[in-house]
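> This is a predicted model, with the sequence first.
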Number of protein chains: 2
Amino acid sequence: MSDLSLKVSYDGTGYGGFQVQKNAPTIQGELEKALAVIYKEPLRVTGAGRTDAGVHALGQVVHYRAPFEIPCSKLPAALNVLLPPDIVVLKAETAAPGFHACSSAKGKVYRYTLDRAFYPQVMRRRFAYHFPGVFDRQSAERAAKLVEGTHDFGAFRVTGSSVRSTVRTLYRAGLAEFPEKEIIVLTFEGSGFLYRMVRMLVGSLLRVARGRLEPEDIAAALSGERPEAAGPTAPPQGLCLEKVIY
Amino acid sequence: MSDLSLKVSYDGTGYGGFQVQKNAPTIQGELEKALAVIYKEPLRVTGAGRTDAGVHALGQVVHYRAPFEIPCSKLPAALNVLLPPDIVVLKAETAAPGFHACSSAKGKVYRYTLDRAFYPQVMRRRFAYHFPGVFDRQSAERAAKLVEGTHDFGAFRVTGSSVRSTVRTLYRAGLAEFPEKEIIVLTFEGSGFLYRMVRMLVGSLLRVARGRLEPEDIAAALSGERPEAAGPTAPPQGLCLEKVIY
């Protein structure tokens, strides 16, 4: 028996999300299927982040308990042969005792990509949200600065999700523009994220970028004065779990 | 009646190629379907390049004769609503009298993208050929220089294709490396291309990059001394028709 962690990337377009469910193929499900072939018995994997349907990852991390040892250097290639081509294992490592992909994480980095081309760029279609037109970058950046820090992000989550505390720390929320590629990338690095929090933050920032909200409205959503300034939830295809920090 | 040209982009992954055929959806077929809805009668479009199954385009050009006038400024959006999301019309223009998308073309630019990451980068999967490992860039560049110019490219086409002459001019054949993105892009700009010519040139250059052919072998393939040094045909997903020059 040994605990292992895998770094996993995927194009989430064709999946019902990370977590196993009945009505759609899932990342967890595909990983467990491939691992069951290798270890010849059913295994359960735990992910660092439960990405939603259509959300991607370049650096998801999962852990599992292996019934016997297989060299970490051989695992990714062995798994990639068994996995569908839109899921790729990048690395396998022996996990420290007690390691848990989700609760051991010190932070996560998500990025959200906007396609700013006038008509959608076909090659970005699966990994970006087409958002042409008015974009007040200065205001969006000011709003991004306001969400940085430790706040009660209670307004920025899908209601009904139960968590003990809705206080989280955003170490970094920023915007990078690549004019020659006609894209804007929003990056969020935080201690942890509530359900749909990143997509709701993006939804708010896009309203600011369109001039429909003031940056200060975002602060008012955080303070609880104007919770309706939070969201809407931006579409999933722009979102990618870039990295999990331990 | 007026002649029009459209600039069209597409993700060719799900298509049997540009040209209409019986057993698979095609770019031409989808364009003609959308145009038939707009003009309320069947129309035929002619493309600048008959891209193969799985090959993409950012700047394909097609022409057709319109039974009545619709402002060019409104056509792309109207067509994009009707087209599947992996085909996007970027521009419509009134064509000069006698304009023919293919025979009026002075040149075309193709690019071929190699994913150089050790394991395939999932976001590039549809638009790049995964080619990790040994890559002798200097030799590949030397071989690319040797194919530039006017040559009989008879060895670099799929036999059976009938054309009057197999002499073509390559204005530019080059290689650009983007180490931080782990990709290499091969670009070919020429007066015209034989069937599968770009993919066979890529196939040869990759053999050179692997050290399995000398750059001079490519010259020998062009001179007719060693036709077997041409090819193999590189996979379609790396190829993209970037631009048609008039």
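That came in fine, so what should we check first?
> Residues touching stretch A:137-149, excluding its own?
Contacts to stretch A:137-149, defined as C-beta atoms under 8 Å, 6 or more residues apart in numbering or on different chains, come from residues A:169-175, A:177, A:184, A:186, A:201, A:204-206, A:208-209, A:211, A:213-216, A:218-219, A:222. Heads up, the C-betas are built off the backbone N, CA and C, glycines and all.
> how about a cut-off of 10 Å?
A:136, A:153, A:156, A:168-175, A:177, A:184, A:186-190, A:197, A:201, A:204-211, A:213-222 (C-beta atoms under 10 Å, 6 or more residues apart in numbering or on different chains).
> Stretch A:158-165 now?
A:52, A:152-154, A:157, A:192, A:194-197, A:199-200, A:227, A:231, A:233.
> Please identify which two of those are farthest apart in space.
A:Asp52 and A:Asp152 (22.3 Å; C-beta to C-beta).
> Show me which of those two is the more surrounded one.
Per other C-beta atoms under 10 Å in any protein chain shown, whichever of A:Asp52 and A:Asp152 has more neighbours is A:Asp52, with 20 against 13.
> Give me the three-state assignment for A:Thr150.
At A:Thr150 the chain is in strand, as set by DSSP: H, G, I helix; E, B strand; the rest coil.
> And the pLDDT for the closest residue to it other than its chain neighbours?
Of all residues not flanking A:Thr150 in the chain, A:Thr169 sits nearest, at 4.4 Å (C-beta to C-beta, 6 or more residues apart in numbering or on different chains). Note for A:Thr169: predicted pLDDT of 96.
> Same check on A:Gly160?
A:Gly160 is given a pLDDT of 67.
> Same question for A:Pro227.
89.
> One more: A:Glu182?
At A:Glu182, the model reports a pLDDT of 96.
> and it, what does it touch?
Taking C-beta under 10 Å, 6+ apart as the test, what A:Glu182 contacts is A:Leu114, A:Asp115, A:Arg116, A:Ala117, A:Phe118, A:Gln121, A:Arg124, A:Ala128, A:Pro132.
> burial of the third one, as a residue count?
Taking other C-beta under 10 Å as the criterion, the count of residues near A:Arg116 is 19.
> Tell me the spacing between it and chain B.
Noted for A:Arg116: a distance of 14 Å to chain B, by C-beta to the nearest C-beta, to the nearest Å.
> Let me know whether that residue touches A:Phe131 as I believe.
Yes: counting by C-beta atoms under 10 Å, A:Phe131 is a contact partner of A:Arg116 at 6.7 Å.
> anything in contact with each of these two?
Shared contacts of A:Arg116 and A:Phe131 (C-beta under 10 Å, 6+ apart): A:Ile183, A:Ile184.
> Next one, pLDDT for A:Phe193 please.
On the pLDDT scale, A:Phe193 gets 94.
> Make sure A:Ser5 is indeed in a strand.
Yes: if the criterion is three-state DSSP, then A:Ser5 is within a strand.
> How far does stretch A:181-198 sit from its chain's centre?
Distance of stretch A:181-198 from the chain centroid (C-alpha atoms, centre = their mean, to the nearest Å) equals 7 Å.
> what's the span of it, first residue to last?
23 Å (C-alpha to C-alpha, to the nearest Å).
> Kindly report the same for stretch A:131-138.
Stretch A:131-138 end-to-end distance (C-alpha to C-alpha) = 17 Å.
> Equivalent analysis for stretch A:159-178, please.
End-to-end distance of stretch A:159-178 (C-alpha to C-alpha): 35 Å.
> Buried only: go through the contacts of A:Glu182 for me.
A:Leu114, A:Asp115, A:Arg116, A:Ala117, A:Gln121, A:Arg124, A:Ala128 (16 or more other C-beta atoms under 10 Å in any protein chain shown).
> Nearest to chain B, out of those: which one, please.
Checking the buried ones among the contacts of A:Glu182 against chain B by C-beta to the nearest C-beta gives A:Gln121 as the nearest, at 7.4 Å.
> so that closest one touches B:His56, yeah?
No: taking C-beta under 10 Å as the definition, A:Gln121 is not a contact partner of B:His56, at 11.4 Å.
> got any residues that touch both of these two?
Common neighbours of A:Gln121 and B:His56 (C-beta under 10 Å, 6+ apart) are B:Ser9, B:Asp11.
> host element of the residue nearest to A:Thr150?
strand A:167-178 (DSSP states H and E).
> How about A:Lys91?
Going by DSSP H and E, A:Lys91 is part of strand A:87-94.
> That strand close to chain B?
Yes: judged by C-beta under 10 Å from any C-beta of the partner chain, strand A:87-94 and chain B are in contact via A:Ile87, A:Val88, A:Val89, A:Leu90, A:Lys91.
> for stretch A:66-74, same thing?
No: for stretch A:66-74, no contact with chain B is found by C-beta under 10 Å from any C-beta; the gap never falls below 11.9 Å.
> Can you tell me what sits against that stretch?
Against stretch A:66-74 from outside (C-beta under 10 Å, 6+ apart): A:1-6, A:35, A:38-41, A:43, A:75, A:78-79, A:91-95.
> go on, stretch A:218-232?
So stretch A:218-232 is contacted by A:140, A:142-147, A:149, A:151-159, A:196-197, A:199-208, A:212-214, A:216-217 (C-beta under 10 Å, 6+ apart).
> could I get that stretch in PDB with only the CA atoms?
Extracted in PDB, the C-alpha atoms of stretch A:218-232 (Å, rounded to 0.1, in the frame of the first residue of the first chain):
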ATOM      1  CA  ILE A 218     -18.100  44.600  -6.000                       C
ATOM      2  CA  ALA A 219     -16.800  45.900  -2.600                       C
ATOM      3  CA  ALA A 220     -20.400  46.300  -1.600                       C
ATOM      4  CA  ALA A 221     -21.200  42.700  -2.600                       C
ATOM      5  CA  LEU A 222     -18.300  41.600  -0.400                       C
ATOM      6  CA  SER A 223     -19.400  43.600   2.600                       C
ATOM      7  CA  GLY A 224     -22.900  42.200   2.200                       C
ATOM      8  CA  GLU A 225     -24.500  45.500   1.400                       C
ATOM      9  CA  ARG A 226     -25.200  44.700  -2.200                       C
ATOM     10  CA  PRO A 227     -25.100  40.900  -2.600                       C
ATOM     11  CA  GLU A 228     -26.900  41.200  -6.000                       C
ATOM     12  CA  ALA A 229     -23.800  42.800  -7.400                       C
ATOM     13  CA  ALA A 230     -22.100  39.400  -7.300                       C
ATOM     14  CA  GLY A 231     -22.300  37.300 -10.500                       C
ATOM     15  CA  PRO A 232     -23.800  36.200 -12.800                       C
END
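> list the buried ones in it?
Buried residues in stretch A:218-232 (16+ other C-beta under 10 Å): A:Ile218, A:Ala219, A:Ala220, A:Ala221, A:Leu222, A:Arg226, A:Ala229, A:Ala230, A:Gly231.
> In TSV: the residues you listed, plus secondary structure and distance to B:Ser104.
Output for the buried residues of stretch A:218-232, formatted as TSV (DSSP: H, G, I helix; E, B strand; the rest coil; distance: C-beta to C-beta, whole Å):
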residue	secondary structure	distance to B:Ser104
A:Ile218	helix	53
A:Ala219	helix	58
A:Ala220	helix	59
A:Ala221	helix	56
A:Leu222	helix	59
A:Arg226	coil	59
A:Ala229	helix	54
A:Ala230	coil	54
A:Gly231	coil	51
